[in-house]
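Got a sequence here, can you build the structure:
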Amino acid sequence: MRKQYFDIKYPFTDGGTQRYVFDMNETQKERVASDILHVIFTPKGQRLRSPLFGTDLIKYIFEPNDGLVWSSVKNEIRETVSRWVRGVTVNNIEVLASRDGTEVYVRIDYTVVDGNSRYNNSIAVQL
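Predicted coordinates for the structure are as follows:
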């Protein structure tokens with residue numbers, strides 16, 4: 001029986017034993033997390049023939065690290081994930097700053113509905 005893979009793993013790596021150019025997701029759970037990361041870290045306009053794919057998070061890079069910007073970041077992520085990642089509902093997005101205020105961390109809690117299957121998961125990323 002052949003093993004089934006689900007899309008290319010994001011972030012891109014090539015250290016697996018699968019002998020593909022890029023590592024592949026081995027479960028649907030991994031695929032959804034990869035899809036979310038892929039869409040939020042792709043700047044809008046970068047994907048050929050799909051200029052609306054991705055986020056405008058890059059425009060916040062030099063903005064103040066405060067609640068107003070965090071609210072905009074949350075909205076950007078929520079709208080983008082709901083538009084581009086099928087079967088995913090974002091439940092909560094939490095934004096935190098490092099102690100020195102130079103780094104921002106985002107945790108995304110989401111629910112996936114895939115056929116009769118439904119599960120909750122979360123991912124945390126540094127912006």
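
Pull out the buried residues from the lengthiest helix in the chain.
In the chain, ranked by residue count with DSSP state H as the criterion, the top helix is helix 67-84. Judged by neighbour count using 16 or more other Cβ atoms under 10 Å, the buried positions of helix 67-84 are 70, 73, 74, 76, 77, 78, 80, 81, 84. Placement of C-beta: from N, CA and C, glycine included.

by contact count, what packs against it?
Applying 3 or more Cβ pairs under 8 Å, 6 or more residues apart in numbering; DSSP states H and E, we find helix 67-84 packed against helix 28-40, strand 88-97, strand 104-114.

distance between the first one and the chain's centre?
Between the centre of helix 28-40 and the centre of its chain there are 5 Å (Cα atoms, centre = their mean, to the nearest Å).

could I get that helix in CSV with only the CA atoms?
Extracted in CSV, the C-alpha atoms of helix 28-40 (Å, rounded to 0.1, in the frame of the first residue of the first chain):
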residue,chain,number,x,y,z
GLN,A,28,-4.4,16.4,6.8
LYS,A,29,-3.6,18.2,10.1
GLU,A,30,-0.1,19.0,8.9
ARG,A,31,-1.6,20.1,5.5
VAL,A,32,-3.9,22.6,7.1
ALA,A,33,-1.2,24.1,9.3
SER,A,34,1.1,24.4,6.2
ASP,A,35,-1.7,26.0,4.2
ILE,A,36,-2.3,28.6,7.0
LEU,A,37,1.4,29.4,7.3
HIS,A,38,1.8,29.6,3.5
VAL,A,39,-1.1,32.1,3.1
ILE,A,40,-0.1,34.4,6.0
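
Let's test this: mean pLDDT of it, rounded?
Rounded to a whole number, the mean pLDDT of helix 28-40 is 89.

Many thanks, have a good one.
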